[in-house]
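Asks: this one's structure only:
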């Protein structure tokens, strides 16, 4: 007997090893059946990953408002209309609903302008838009738990960028007609 036969192989020492010593007397699936099981398991895992990623991908491509950190509320109050923002500020300070923020800047080469942001029933004070980005706070345009609403840019300006994620380019504003954009936000409590 050759060394291969003594080790459990074929007499020539080549071929399939013996199943002895595995401790299992259960029949093993054929090679084709094993390949089908592995392929099905792989397809199921891939399907779960893709199914979980699609809502994230579609949500992340929508214009998204960011929450104003609670530590910045006091500094942001100077950008709010004091007559109409008291309730939103109180809710943000008490962690009932955060406030959002956007930044406004004109595109290079365009003239300065004046823009107001409407967020739900709230209308921001006029912002003189220049080359320097100006960050302003505002209440969310719909009840915070809904996670979506509409922002409006109103005023007299051209080539204004409103920084949300991704940015919103407003080519021209001429008076009260304005431009609108649907936005979403994460509804988890940031506190």
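Replies: Thanks, I have it. Given the structure is predicted, the values throughout are model-derived calculations rather than measurements.
Asks: domains of the protein?
Replies: With domains defined by automatic domain parsing, the chain comprises 28-61, 66-184.
Asks: can you tell me the distance between the two ends of the last one?
Replies: Start to finish, the residues bounding domain 66-184 are 9 Å apart (C-alpha to C-alpha, to the nearest Å).
Asks: residues of stretch 107-117 that come out buried?
Replies: 110, 113, 115, 116, 117 (16 or more other C-beta atoms under 10 Å). Bear in mind the C-beta positions are built from the backbone N, C-alpha and C, glycine included.
Asks: Take those residues and lay them out in TSV including distance to residue 68, pLDDT and secondary structure.
Replies: Converted to TSV, these look like this (distance: C-beta to C-beta, whole Å; pLDDT from 0 to 100; DSSP: H, G, I helix; E, B strand; the rest coil):
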residue	distance to residue 68	pLDDT	secondary structure
110	27	91	coil
113	24	92	strand
115	19	95	strand
116	18	95	strand
117	14	95	strand
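Asks: Adding distance to residue 89, write the residues you listed out as JSON lines.
Replies: Supplementary listing: these in JSON lines, determined by distance: C-beta to C-beta, whole Å:
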{"residue": "110", "distance to residue 89": "32"}
{"residue": "113", "distance to residue 89": "27"}
{"residue": "115", "distance to residue 89": "22"}
{"residue": "116", "distance to residue 89": "18"}
{"residue": "117", "distance to residue 89": "16"}
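Asks: Strands along the chain, start to end?
Replies: 66-67, 100-106, 113-119, 122-123, 127-129, 134-138, 148-163, 168-184 (DSSP state E).
Asks: which stretches of this protein have low pLDDT?
Replies: With pLDDT under 70 as the threshold, the chain has low-confidence stretches at 1-30, 34-60.
Asks: Residue 160 touches residue 113, doesn't it?
Replies: Yes - if you go by C-beta atoms under 8 Å, residue 160 and residue 113 touch, sitting 6.5 Å apart.
Asks: Who is residue 151 paired with across the strands?
Replies: residue 119, residue 181 (DSSP bridges).
Asks: Is it in contact with residue 117, as I believe?
Replies: Yes - counting by C-beta under 8 Å, residue 151 touches residue 117, with 6.2 Å between them.
Asks: Could you name every residue contacting both of the two?
Replies: The contact sets of residue 151 and residue 117 overlap at 102, 162 (C-beta atoms under 8 Å, 6 or more residues apart in numbering).
Asks: Turn the domains of the chain into CSV, columns for distance to residue 190.
Replies: Formatted as CSV, the domains of the chain follow (distance: least, C-beta to C-beta, whole Å):
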stretch, distance to residue 190
domain 28-61, 17
domain 66-184, 5
